[in-house]
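Generate coordinates for the sequence data below:
(4 chains)
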Number of protein chains: 4
Amino acid sequence: MQIGMVGLGKMGGNMAERLRRGGHDVVGYDRDPAVSDVAGLKELVQRLQAPRVVWVMVPAGAPTQQTVDELGDLLAEGDIIVDGGNSHYVDDQKHAAELGEKGIGFVDCGVSGGVWGLQNGYALMCGGEKAHVDRVMPIFETLKPEGEDGFVHAGDVGAGHFAKMVHNGIEYGMMQAFAEGWELLEASDVVKDVRGSFSSWRTGTVIRSWLLDLMVRALDDDEHLEELKGYAQDSGEGRWTVQAAVDHSVPLPVITAALYARFASRQDDSPAMKVVAALRNQFGGHAVESK
Amino acid sequence: MQIGMVGLGKMGGNMAERLRRGGHDVVGYDRDPAVSDVAGLKELVQRLQAPRVVWVMVPAGAPTQQTVDELGDLLAEGDIIVDGGNSHYVDDQKHAAELGEKGIGFVDCGVSGGVWGLQNGYALMCGGEKAHVDRVMPIFETLKPEGEDGFVHAGDVGAGHFAKMVHNGIEYGMMQAFAEGWELLEASDVVKDVRGSFSSWRTGTVIRSWLLDLMVRALDDDEHLEELKGYAQDSGEGRWTVQAAVDHSVPLPVITAALYARFASRQDDSPAMKVVAALRNQFGGHAVESK
Amino acid sequence: MQIGMVGLGKMGGNMAERLRRGGHDVVGYDRDPAVSDVAGLKELVQRLQAPRVVWVMVPAGAPTQQTVDELGDLLAEGDIIVDGGNSHYVDDQKHAAELGEKGIGFVDCGVSGGVWGLQNGYALMCGGEKAHVDRVMPIFETLKPEGEDGFVHAGDVGAGHFAKMVHNGIEYGMMQAFAEGWELLEASDVVKDVRGSFSSWRTGTVIRSWLLDLMVRALDDDEHLEELKGYAQDSGEGRWTVQAAVDHSVPLPVITAALYARFASRQDDSPAMKVVAALRNQFGGHAVESK
Amino acid sequence: MQIGMVGLGKMGGNMAERLRRGGHDVVGYDRDPAVSDVAGLKELVQRLQAPRVVWVMVPAGAPTQQTVDELGDLLAEGDIIVDGGNSHYVDDQKHAAELGEKGIGFVDCGVSGGVWGLQNGYALMCGGEKAHVDRVMPIFETLKPEGEDGFVHAGDVGAGHFAKMVHNGIEYGMMQAFAEGWELLEASDVVKDVRGSFSSWRTGTVIRSWLLDLMVRALDDDEHLEELKGYAQDSGEGRWTVQAAVDHSVPLPVITAALYARFASRQDDSPAMKVVAALRNQFGGHAVESK
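As a prediction, the model looks like this:
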């Protein structure tokens, strides 16, 4: 089927390519004219036959907001926008309401797959009305990995990004679990082969997983990770997961600890621990380290 | 090669079977005469040709201690004991020292694989002197899964159980990450298909893993886990991981949170939260729930 | 000076009384005619001489929003609204902006003191423009406790409620620290006098505090807290603290753990731990407890 | 009454002085001849009239072990040793058993008070048989602060140090709560007077406490703690608290988080976060910071 794809970066570009390989007619737009099929969103919409489906694959937040707003002005009743970016699920509900007034459908779709997606397919979690999701289904079928898994219509508008957000929250927890295990093994006097220990777990154990495979690969490159700093960004979805937990009164100790570990990794010095040092000095005369 | 196997329960029995299928001569002993090849440890030792290898596969703690002590009296210089149970790594070092005085070798071996091990092989993490490990290698080769992974000589005596302990610690963290994600999805108003969301993650995502596969299987049986109580035992290795963290000054927030969640799951009512309720009542006149 | 007080409940009523005892002219309004000096906000505003100061002391959220909106329509340029409720600091900024367009000043004021405030005074943390704060200062002077502490002009609009929010976050952490200590003492075999242990800490120790005093008082009433359920509400400010932490990339492991412990205390059964039980059953055949 | 005091450092020296001011006959021994009344433990024991009471006030671990062992050889049936150091409660039980075979009594006593103890008295938590505690009571009466609080016979041998350990665990949690609150206030854009906010809480609030007083004092010296590094040692008792929690299946999320924050404060770079950075790089091509 025909589809417009807005945003042809690392993710959008590969998804457009996978769709073309799958026989779809993709009209792509990107700010970079070198990769764009059209000059702007207006031309994109003109090039598509109604009823249109436009997949937005741009950074979450302001860029997505702006693109959805512009498309809302250009598209017509019966068209559908799919937001495949990493948007916050609360924004989806706002978008769907605004577009709905114009008769434009909205589907949110969390996409996972990274650099391997072009070849292996993308896991897709979408939210929205059944009629809208059904319209986009040929696209989902091509993007998703082969087999029965890899796609879910998770629920109402927002459910797709909610599920993707939770996926990323789980990812934070799993990564931190491996990270803590590695740190403890490295700290041990008796364990000499930490990389080999991780490698031994790749088959026959409870924790075998793609992350474990990546872990071994990373240790193959740099056995004690001596080339790296213990510094990790967070993409926003971990934060939203914790905020959703607070909003829903759900305790998430592990996922939150993983998020906080990232926050702390970006501090040169812990402000909180200055206080602890100051208090120990006050009540016990314990030595402090001055700068 | 010839090996004695002490403990023919769910784990030991299957391991003996896998070894026999691999062509080894296994003499098994179990307290249960119905499955035992010999009447006792004395006969077991007599049936084996020196230099002997005896694999102990009994519960950690007192049973392992007693078995190792008895075998220490029965075996001779040049023999080797392998402790394949879930022993604490600090006990290994004691056992190795005591047996070493008699010239008996000791290898500790963490074993993972559970009920699938007979067919697919067991992941093995062992610790000990190279000469001892080399002697047992034909056994390890048969027990381990096919392929290059699934076995590590992790380091000195204790390193095998240390690595297995850390494996289990990581397992605690991963399980809790999935558990928290599930709880948040179930709490959401917009997400309608939680099972399907997990299923969608099985291919193409960062968190694809055997635990995720098991998760989907569990949800296939009981979509909202309505048949289960939120009650989880811990096997001891999670505790040892936290104690090792404290001993090594390594912060393990995620693994510890996972352990504490299990502790809390076994409390009918949280004693700590009685205090919080009592204090809120004291300073704010906040209502408390009486029993 | 003259002041209008909206909301004459447990907090507002006592504050009005303390102000009257301090010589101020308080015109009070409450939905309950039995305690109200006027029939409504309109009459309240009419009774006050311009430039007016109206202190809003109603529940945070919708009631405060509605009161501020109504007063915004009734008051005139040069008047000042003080929000003394437990409002979210982000709401303050919205209120100040809206009122500012009409020339009405806005001061947010976090108030602590509970049932002891009438007698001992209320700790006050306020935010807003210096000119506005200065105008209200005679009121603050009377409400605050005697001595040099107990009042701060913490910063711009929102800073007062931000500081109060953080106060409550710290309170969560402190209460949980005492709660955990109590639970561990109660679990000990060797400790026989838990109440006495807490009592012994009231003088000469690092943890002496008002909360410790309340703790001993609570244990005097019910030594093992046998009459209470381990069930604790949260007032919203703990949640905002965690959300502010996430917004500011500040790791708050202790305060967050205290909040999550309250969430968990309100669950009959932990959904997350059902997952852990289900997974243990899947991979290890571990027994689960059925409902 | 007469008492021997072993260890005349910062704590023991002041305690000896307080006892002398209270009319007791103190014979002190210290490795430093300049402050010692006797040449060695042998002379100390000779100088005391049977039945003797000897208070051991030396560092926990090996020094205490050695002192108790030596005194065990020198003392006679009916004598009593009080261990006032920060010993692990499990060591107390060993000491009591060994000394008990010789008829020597043993009392463990947790002591709090630091540099203010000489003047204000020391909070004392002791464990042991009632007959032994009663014998030492005149000493306890003089050391403790005035008033009804400040002393507890907490339970059997070990209970005193257990209670002191828990006191310190609570202290960890409280300090971390203040520390986190400070970090969040400092991170806020709207809050300008962080020191003043803490100061405002000293009267009329739920969190008023000695630690808060010390906090304000520390901020008076260095308002933004710019002179300090966020680096904090731990004294051992926080670790024991967490280990006791694990041994007793008691979840201590707050106290443990506080301990882990100290561990992390002493790392130049977080090993665990290297893993997180490495994994993010593997699956997402996310940039890493190289050393």
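
angle of the helix ranked longest in chain A against helix B:159-187?
Across chain A, the longest stretch assigned as helix under DSSP state H is helix A:159-187. Relative orientation of helix A:159-187 and helix B:159-187, computed by axes from the mean of the first three to the mean of the last three Cα atoms, to 10 degrees: 160 degrees.

Contacts (any at all) between chain C and helix A:159-187?
No: contact of helix A:159-187 with chain C (Cβ under 8 Å from any Cβ of the partner chain) is absent, the minimum separation being 11.1 Å. Placement of C-beta: from N, CA and C, glycine included.

quick one: average pLDDT of that helix?
Helix A:159-187 shows a mean pLDDT of 98.

residues from the stretch 101-250 of chain A in reach of chain D?
Proximity of the stretch 101-250 of chain A to chain D, by Cβ under 8 Å from any Cβ, involves residues A:114-115, A:175-176, A:178-180, A:182-183, A:186-187, A:210-211, A:214-215, A:217-218, A:222, A:225-233.

Quick one, which of these are buried?
A:114, A:175-176, A:178-180, A:182-183, A:186-187, A:210-211, A:214-215, A:218, A:225, A:228-232 (16 or more other Cβ atoms under 10 Å in any protein chain shown).

circling back to that earlier point, ok, which of the residues of the stretch 101-250 of chain A next to chain D also contact chain B?
A:114, A:176, A:178, A:180, A:183, A:187, A:210-211.

Quick check: the farthest pair among these?
By the measure Cβ to Cβ, A:114 and A:187 form the most distant pair in these, at 31.0 Å.

what helix or strand does the closest residue to residue A:266 other than its chain neighbours sit in?
Leaving aside its sequence neighbours, residue A:266 sits nearest to residue A:231 (Cβ to Cβ, 6 or more residues apart in numbering or on different chains; 6.1 Å). In the assignment (DSSP states H and E), residue A:231 maps to no helix and no strand.

What ranges does chain A have for its strands?
Secondary structure of chain A (DSSP state E): strands located at A:2-6, A:25-29, A:53-56, A:80-83, A:105-112, A:123-127, A:151-155.

most packed of those?
strand A:123-127 (a mean of 30; mean count of other Cβ atoms under 10 Å in any protein chain shown).

Backbone dihedrals for the residue nearest the centre of chain A, please?
Chain A has residue A:86 as the residue nearest its centroid, 5.4 Å off, counting by Cα atoms, centre = their mean. The phi/psi pair for residue A:86 (degrees, to the nearest 10) reads phi -90, psi 50.

and it, what is it in contact with?
Residues in contact with residue A:86 (Cβ atoms under 8 Å, 6 or more residues apart in numbering or on different chains) are A:59-60, A:110, A:161, A:164, A:235-237.

try it again with 7 Å
A:60, A:235-237 (Cβ atoms under 7 Å, 6 or more residues apart in numbering or on different chains).

near chain B, from those residues?
Among these, none lies close to chain B by the criterion of Cβ under 7 Å from any Cβ of the partner chain.

okay if I get these as CSV plus pLDDT and distance to residue B:7?
Putting the contacts of residue A:86 into CSV (pLDDT from 0 to 100; distance: Cβ to Cβ, whole Å) gives the following:
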residue, pLDDT, distance to residue B:7
A:60, 93, 55
A:235, 83, 48
A:236, 90, 51
A:237, 94, 47
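
so which of those would you say is closest to residue B:137?
Nearest to residue B:137 among these, with distances taken as Cβ to Cβ, is residue A:235, at 45.1 Å.

what does chain A put close to chain C?
Residues of chain A found near chain C (Cβ under 7 Å from any Cβ) are A:206, A:239, A:242-243, A:246, A:249-251, A:253, A:256-257, A:260, A:263-264, A:283.

give me that answer again for 10 Å
Within chain A, the positions lying close to chain C (Cβ under 10 Å from any Cβ of the partner chain) are A:205-206, A:234, A:238-243, A:245-254, A:256-257, A:259-267, A:270-272, A:279-280, A:282-284.

so of these, which ones are in helices?
Counted as lying in helices by DSSP H, out of the residues of chain A next to chain C, are A:238-243, A:245-247, A:253-254, A:256-257, A:259-265, A:271-272, A:279-280, A:282-284.

Can you tell me which of these are buried?
A:238-243, A:245-246, A:253-254, A:256-257, A:259-265, A:271-272, A:279-280, A:282-283.

Determine how far the longest helix of chain A lies from the middle of the whole chain.
Centroid separation for helix A:159-187 versus its chain: 13 Å, with Cα atoms, centre = their mean, to the nearest Å.

Stretch A:4-17 now?
For stretch A:4-17, the distance to the chain centre is 15 Å (Cα atoms, centre = their mean).

sorry, back to before: TSV for the strands of chain A, including mean pLDDT and distance to residue C:19?
Below are the strands of chain A laid out as TSV (pLDDT from 0 to 100; distance: least, Cβ to Cβ, whole Å):
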stretch	mean pLDDT	distance to residue C:19
strand A:2-6	98	60
strand A:25-29	98	64
strand A:53-56	98	57
strand A:80-83	98	53
strand A:105-112	97	52
strand A:123-127	97	53
strand A:151-155	98	52
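
In CSV: those, plus distance to residue B:67.
Below are these laid out as CSV (distance: least, Cβ to Cβ, whole Å):
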stretch, distance to residue B:67
strand A:2-6, 66
strand A:25-29, 67
strand A:53-56, 64
strand A:80-83, 62
strand A:105-112, 48
strand A:123-127, 48
strand A:151-155, 50
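
can you put these in CSV and add distance to chain B?
Shown next, in CSV, are the strands of chain A (distance: least, Cβ to the nearest Cβ, whole Å):
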stretch, distance to chain B
strand A:2-6, 19
strand A:25-29, 20
strand A:53-56, 17
strand A:80-83, 14
strand A:105-112, 4
strand A:123-127, 4
strand A:151-155, 4
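
So for residue C:71, which of those strands sits nearest?
Proximity to residue C:71 (Cβ to Cβ) singles out strand A:105-112 among the strands of chain A, at 38.9 Å.

Give me the sheet partners of that closest one and which way each runs.
Using DSSP bridges, the strands paired with strand A:105-112 are strand A:80-83 (parallel), strand A:123-127 (antiparallel).

In CSV: these, plus distance to residue A:191.
Shown next, in CSV, are those (distance: least, Cβ to Cβ, whole Å):
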stretch, distance to residue A:191
strand A:80-83, 47
strand A:123-127, 35
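
need the contact list for residue A:59.
A:7, A:9, A:67, A:85-87, A:236 (Cβ atoms under 10 Å, 6 or more residues apart in numbering or on different chains).

By neighbours, which of these wins?
residue A:87 (29 neighbours; other Cβ atoms under 10 Å in any protein chain shown).

ok, it to chain B distance?
Residue A:87 is 13 Å from chain B, where distance means Cβ to the nearest Cβ, to the nearest Å.

And for residue A:212?
Distance of residue A:212 to chain B, computed by Cβ to the nearest Cβ: 8 Å.

Could I get the contacting residues of that residue?
A:174, A:178, A:198-199, A:201-202, A:205, B:149, B:170, B:174, B:209-210, D:279.

Nearest to residue D:14 among the strands paired with strand A:105-112 would be which one?
strand A:123-127 (65.4 Å).

How far away from the center of its chain is the closest one?
Counting by Cα atoms, centre = their mean, strand A:123-127 is centred 12 Å from the centre of its parent chain.

And stretch A:26-33, by the same measure?
Centroid separation for stretch A:26-33 versus its chain: 22 Å, with Cα atoms, centre = their mean.

Stretch A:137-155 too?
Distance, centroid of stretch A:137-155 to centroid of chain: 17 Å (Cα atoms, centre = their mean).

list the buried ones in that stretch?
Judged by neighbour count using 16+ other Cβ under 10 Å, the buried positions of stretch A:137-155 are A:138-140, A:142-145, A:149-155.

now, which of the contacts of residue A:212 sits nearest chain C?
Nearest to chain C out of these is residue B:210 (Cβ to the nearest Cβ; 7.9 Å).

The closest one reaches residue A:213, doesn't it?
No: judged on Cβ atoms under 10 Å, residue B:210 makes no contact with residue A:213 at a distance of 11.8 Å.

Might you report the residue contacts of the residue nearest to residue A:173 when sequence neighbours are not counted?
Of all residues not flanking residue A:173 in the chain, residue B:177 sits nearest, at 2.8 Å (Cβ to Cβ, 6+ apart). Contacts for residue B:177 (Cβ under 10 Å, 6+ apart) come out as A:169-177, A:252, A:254-255, A:258, B:207, B:211, B:254, B:258, C:272, C:275.
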